[in-house]
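Asker: Structure of the sequence below:
(chains A, B, C and D)
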There are 2 protein chains.
Amino acid sequence: MSENGGIRVLERALAVLDHMARINGRTGITDIAEGTDLPKATVHRILQTLGRKNVVVQGDDGGYSIGPAVLFWSDSFRARSVLPHLAHPVIKKLWEATKETVHLTAYDGDTAYYVDKLESPHPVGMRSRIGAELCLHTTAAGRSILAEMKKEDLDSYLNKATFEKKTASTIATREELEALLDDIRLRGYGWENQENEEGIRCIGSAILRGRHRPIGAISVSIPAYRLDEGDVPSLGEAVKKAAERISQLIDGTDQVEGGR
Amino acid sequence: MSENGGIRVLERALAVLDHMARINGRTGITDIAEGTDLPKATVHRILQTLGRKNVVVQGDDGGYSIGPAVLFWSDSFRARSVLPHLAHPVIKKLWEATKETVHLTAYDGDTAYYVDKLESPHPVGMRSRIGAELCLHTTAAGRSILAEMKKEDLDSYLNKATFEKKTASTIATREELEALLDDIRLRGYGWENQENEEGIRCIGSAILRGRHRPIGAISVSIPAYRLDEGDVPSLGEAVKKAAERISQLIDGTDQVEGGR
DNA sequence: TTTTTTGTTTCACTATACGAAAAAAGCGAA
DNA sequence: TTCGCTTTTTTCGTATAGTGAAACAAAAAA
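Answerer: Here you go, the predicted structure:
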């Protein structure tokens, strides 16, 4: 057992996989070793083991990348995720209406991550990854989730959160955030003003499974140059309405898991 | 190192994940321990470690299931897979034309696995899982891939293959299979006649990246009661044409990886 | 061709992963 | 609510499995 109480070599293997997924392409043992701070021989051994089960594959050029075995696992995860299925038609409509990148975020009471997206046909848009975790207090989707949480859950989150500058616009204190969350509660949608990525603004609204039970969010991301300040309220309303629609669909099933 | 030369605990963790993905739902430590033949304490320890990274999650009822972290890995794998993107419009057309379940199979020179599917709107259809491996010599898609391989690759595969009855209709000898592959080469598509699943027939045709370079296959699965024997040739032609179309798209990119 | 870099193998060492057994928790029936 | 059974979690002594420095091999760059 490692210091944190987990199986050390397993944690190391997971770190290797995460690094490779982040790279999102072919890479070599030396790069992985540097990215994970592990000895090359250890990385090599982990890759050999993962390679036997197609969790990683080695290309003709010797480079390693994530392999097909993970598809089977993710298919299992997806099969249990009702939210993306229910939400997809709504997301599609919002995408058609906005012609911007639309994301669906799931929140399980602990972690929020992107589970679906429809990308803007514009050449310039927000980069994101399905499965990537998002920071609750710096993203529009995350903020809308925070705004809908129970007070004790929000306090618990805020007590753990670290506030640091990511761009010139990042909100940096707990007080600023709490004021913002009050505002979000009034409007029904949250926003993000170039705080995670220069040039990108987002508007997001939480999907609920009952009062104070956020299970995700829907958001629209737009390059700042394409968003007129005067358009924010109507866009916010559209996002809010989409989230409400999905929340209604969720109510109809009463089977989605999430929240605490 | 284990007997096979891999990291034992890592292999055990992968076995746990595969078992859970196969179960495709919530399950407990005792079930996983039985399904993987590992001691319960070992399973518990593996799950604790995987749980810390959201690779598995524990529900309110204490049951364990695959968690969201695998989405990030599979997003990386998918981003590198050009075939599903290129093939999707073609698959959709075939699906619209047949109204039956259409699968896209990828083949990397070693393993074939489902990477996309569009399911039949009929209530009765073939069950399959994205990411699941398929047996090359017992499936229509697999056979069409075998038929297009280089002779030495086919021999290598056949030397390793085990022939065993899965249903009453399973082809059980190497000779039978080789004769069948000759026929498939003439027609351009392979078929499967209730050999994997009673009541399910499939027709499949290989997608090529050049002569003797199969990189996947497209297939249509139909409950036997819905397939008239006289319809097989026209359906086979449609599947073959779809595969040819995808092969052309692949030629246009010259970037897809696969084959040896 | 030579040098540098990356990937692979070896092997002595020790701490990490182990699993039987005990303890705790959960569940269902009476 | 109590009790018996089942499942999950924890404990802890131990040995073997995972380790990484170093050597070697292969590949890439100069």
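Asker: For the rest of this, base every contact and every neighbour count on C-alpha atoms.
Answerer: Fine.
Asker: Do I have it right that residue A:133 meets residue A:115?
Answerer: No: using Cα atoms under 8 Å, residue A:133 is not in contact with residue A:115, being 9.8 Å away.
Asker: the more surrounded of those two?
Answerer: residue A:115 (24 against 19; other Cα atoms under 10 Å in any protein chain shown).
Asker: Could you count how many residues lie near residue A:56?
Answerer: Counted by other Cα under 10 Å, the residues lying close to residue A:56 total 23.
Asker: Quick check: bridge partners of it?
Answerer: Residue A:56 forms beta bridges with residue A:66, as assigned by DSSP bridges.
Asker: cool, and residue A:118?
Answerer: With DSSP bridges as the rule, residue A:118 is bridged to residue A:102.
Asker: Give me the neighbour count for it.
Answerer: 18.
Asker: what residues are up against the residue most central in space within chain A?
Answerer: By Cα atoms, centre = their mean, chain A has its centre lying nearest to residue A:113, at 2.9 Å. By Cα atoms under 8 Å, 6 or more residues apart in numbering or on different chains, the contact list for residue A:113 reads A:105, A:106, A:107, A:130, A:131, A:132, A:133, A:134, B:68.
Asker: Could you rerun that using 10 Å?
Answerer: Applying Cα atoms under 10 Å, 6 or more residues apart in numbering or on different chains to residue A:113 gives the contacts A:104-107, A:129-136, A:141-142, A:216-217, B:68-69, B:71-72.
Asker: before we move on, back to that, any residues in contact with both of residue A:133 and residue A:115?
Answerer: What both residue A:133 and residue A:115 touch, as defined by Cα under 10 Å, 6+ apart, is the set A:105, A:106, A:107, B:68, B:72.
Asker: Is the closest residue in space to the first one that isn't next to it in sequence in a helix, a strand, or coil?
Answerer: The one in question is residue A:105. Closest residue to residue A:105 apart from its sequence neighbours, by Cα to Cα, 6 or more residues apart in numbering or on different chains: residue A:114 at 4.4 Å. Three-state call for residue A:114 (DSSP: H, G, I helix; E, B strand; the rest coil): strand.
Asker: Pull the distance from the lengthiest helix in chain A to the chain's centre.
Answerer: Using DSSP state H, we find that the single longest helix of chain A is helix A:232-253. Mean C-alpha position of helix A:232-253 versus that of the full chain (Cα atoms, centre = their mean, to the nearest Å) differs by 18 Å.
Asker: Which positions in that helix come out as buried?
Answerer: A:235-247, A:249-250 (16 or more other Cα atoms under 10 Å in any protein chain shown).
Asker: Let me know the angle separating the host helix or strand of residue A:216 from strand A:112-118.
Answerer: Element membership for residue A:216 (DSSP states H and E) is strand A:214-223. Interaxial angle of strand A:214-223 relative to strand A:112-118 (axes from the mean of the first three to the mean of the last three Cα atoms, to 10 degrees): 50 degrees.
Asker: Surely residue A:97 forms part of a helix?
Answerer: Yes: counting by three-state DSSP, residue A:97 is part of a helix.
Asker: What separation is there between it and residue B:22?
Answerer: Note on residue A:97: its distance to residue B:22, by Cα to Cα, to the nearest Å, is 39 Å.
Asker: The two - which one has more neighbours?
Answerer: The neighbour comparison of residue A:97 against residue B:22 (other Cα under 10 Å) goes to residue B:22, with 15 against 11.
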